[in-house]
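[1] Sequence plus the predicted model coming up.
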Amino acid sequence: MTLKPPPLKDDCFALPAGTDWTPVDEALAVLRERLRPVTGVDTVALGDALDRVLARDVKAARSNPPLPNSAVDGYGMRHADVVNGPQTLPLVEGRSAAGQPFEGLLPPGYAVRILTGATLPRDVDTVILQEDVTTDGAEIAFHGPLKHGANTRKAGEDVKAGQVVLPAGRRLTPADLALLAATGVAQVEVREPLRVAVISTGDELAEPGQDARADQIYDANRPMLLGLIKRLGFVPVDMGRAPDNRLELKEFLDAAAERADLILTSGGASAGDEDHMAAILTETGSMTLWRMALKPGRPLALGVWDGTPVFGLPGNPVAAMVCTLIFACPAMGAMAGEGWKEPQALTVPAAFAKSKKPGRREYLRARLRHGKAEVFQSEGSGRISGLSWAEGLVELPDGAMDVTEGTLVTYYPYSAFGL
Ligand code: AMP
Ligand code: MG
């Protein structure tokens, strides 16, 4: 059984009236405030939970460890029996091993053989490492003092039963599965994966692998966007290429709205004659042309088609990728139930020089080498080769900035966006 939340409202992308160039942070704040999870909730077993997004906080069903146990192979005893200096203690018959606890009572003044992970026998509160004793099998000799509680783990010292171990919105990692298993959680409520449709638009586009007229270009955005979606843990839905024709484009949007929770289109998002995506989203009354104060990136056309949000990305592949990373990534995360995730940046010295004018935030194709951020030789927005060369983006602030070699700059590895 899955329960799906209501769709987003048609005006969810509206910007305050009179907005001219929208600063990146303002646009992100609007998305952060308006977007919420749109996917249903399902219960899955731990074995199927990797990379799924928790729909609710998860509490530990039991403590870890459930009982006090030994952290080492050695000998357990009462701390009260330990003196300062050399001493011997007789060994009791039997031992405590992991999964095979010592069932008897330890007589006062005795020690007991104990192995790593074994439950501490009653009254045993201190363990000595086997390397620190000599033994003939009947008694052990060692030097006191020992710390009270040495080499033992307390019940619940890692996690206490009832404690929240993982919060709603968490995308489960392999380590998370270990934590859930250890705390007695066998199934979790997770969000259904966000389905994201991708449509390329433009009469100039040809399909890779097919013959292209000399004036055509191959559709580069679709494989890139489908790949990004997959890497981010969402479900890519390939809707193909739409021509620059409003009627046909509407049919593409209809089909995409039926199959996906969010639609990413590329191309036709500005206000030119052939910018049909912007035009038909405007017809629905749900469209806002976000003129972002951002380079590279022309306007983004954001709207809602038949209840399904549409991100109309620029056609230029470099701008499409940057806009996807900066705007669509956190938006998809929010819609998928992950909450709003800020990409974590590194501050690193620049290996380049650049004088940046004020007005627009800039993202440069970059990568780290020898601890410094180097940028692609050309900032030309047509340079798809630079996108592929890069391993992340350097972010230069909205205002002016003079960068010389060694200036500290903000660098986002692609992995910061979840790639
Ligand atoms: P548009 O936003 O439609 O004006 O497109 C801007 C630029 O990006 C134009 O040079 C288009 O040919 C190019 N472009 C649009 N879509 C794609 C695509 N899917 N793959 C590669 N280039 C594209
Ligand atoms: Mg176009």
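    Done, it's in. No experiment lies behind these values; they were computed from the predicted model shown. Ligands and ions are numbered 1, 2, ... in the order given.

[2] From here on, just use CA atoms for contacts and neighbour counts.
    Noted.

[3] Show me what Leu205 bridges to in the sheet.
    Using DSSP bridges, the bridge partners assigned to Leu205 are Ile217.

[4] right, and it touches Arg222 too?
    No. With contact defined as Cα atoms under 8 Å, Leu205 does not reach Arg222; the gap is 10.7 Å.

[5] the more surrounded of these two?
    Arg222 (24 against 19; other Cα atoms under 10 Å).

[6] Skipping adjacent residues, who's closest to the more buried one in space?
    Ser200 (6.1 Å; Cα to Cα, 6 or more residues apart in numbering).

[7] okay, now the one you found: neighbour count?
    28.

[8] So which elements touch whichever helix or strand His143 is part of?
    Element membership for His143, per DSSP states H and E: strand 139-144. When contacts are defined as 3 or more Cα pairs under 8 Å, 6 or more residues apart in numbering; DSSP states H and E, strand 139-144 packs onto strand 85-96, strand 134-135.

[9] Please work out the average pLDDT along that strand.
    Across strand 139-144, pLDDT averages out at 97.

[10] at contact distance from ligand 1, anything in the lowest-mean-pLDDT helix or strand in the chain?
    Sorting the helices and strands of the chain by mean pLDDT, DSSP states H and E puts strand 288-290 at the bottom, at a mean of 78. No. With Cα under 6 Å from any ligand atom as the criterion, ligand 1 is not reached by strand 288-290; the gap is at least 13.0 Å.

[11] quick one: strands adjacent to that strand?
    Strand 288-290 is paired, per DSSP bridges, with strand 300-305 (antiparallel).

[12] all strands in the stretch 301-419 of the chain, in order from the N-terminus.
    308-313, 346-349, 354-356, 361-369, 372-375, 392-396, 401-403, 408-413 (DSSP state E, counting those that start in this stretch).

[13] With distance to ligand 1 as added columns, please give the ones you listed in TSV.
    Output for those, formatted as TSV (distance: least, Cα to the nearest ligand atom, whole Å):
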stretch	distance to ligand 1
strand 308-313	8
strand 346-349	30
strand 354-356	24
strand 361-369	18
strand 372-375	22
strand 392-396	20
strand 401-403	28
strand 408-413	23
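
[14] Just grab the bridge partners of the residue nearest to Arg222 for me.
    Taking DSSP bridges as the rule, Ser200 bridges to Arg241, Ser266.

[15] do you know which of the helices and strands packed on strand 139-144 lies nearest ligand 2?
    With distances scored as Cα to the ion, the stretch of those nearest to ligand 2 is strand 85-96 (73.0 Å).

[16] Relative to the closest one, what are the paired strands and their orientations?
    With DSSP bridges as the test, strand 85-96 is paired with strand 111-114 (parallel), strand 139-144 (antiparallel).

[17] what distance separates the longest one from the middle of the whole chain?
    Put plainly, it is strand 139-144. Between the centre of strand 139-144 and the centre of its chain there are 51 Å (Cα atoms, centre = their mean, to the nearest Å).

[18] again with stretch 401-419
    Going by Cα atoms, centre = their mean, the spacing between the C-alpha centre of stretch 401-419 and its chain's C-alpha centre is 19 Å.

[19] how about it: buried residues?
    Using 16 or more other Cα atoms under 10 Å as the test for burial, stretch 401-419 gives 403, 408-414, 416-418.

[20] Which one of the strands of the stretch 301-419 of the chain lies nearest to Leu194?
    Of all the strands of the stretch 301-419 of the chain, strand 308-313 sits nearest to Leu194, with 12.0 Å by Cα to Cα.

[21] just the strands of the stretch 301-419 of the chain: most buried one?
    Highest mean neighbour count among the strands of the stretch 301-419 of the chain (mean count of other Cα atoms under 10 Å): strand 308-313, with a mean of 27.

[22] Pull the residues that contact that one.
    Contact with strand 308-313 is made by 7-8, 257, 260-269, 277-278, 299-304, 319-320, 323-324, 328, as judged by Cα atoms under 8 Å, 6 or more residues apart in numbering.
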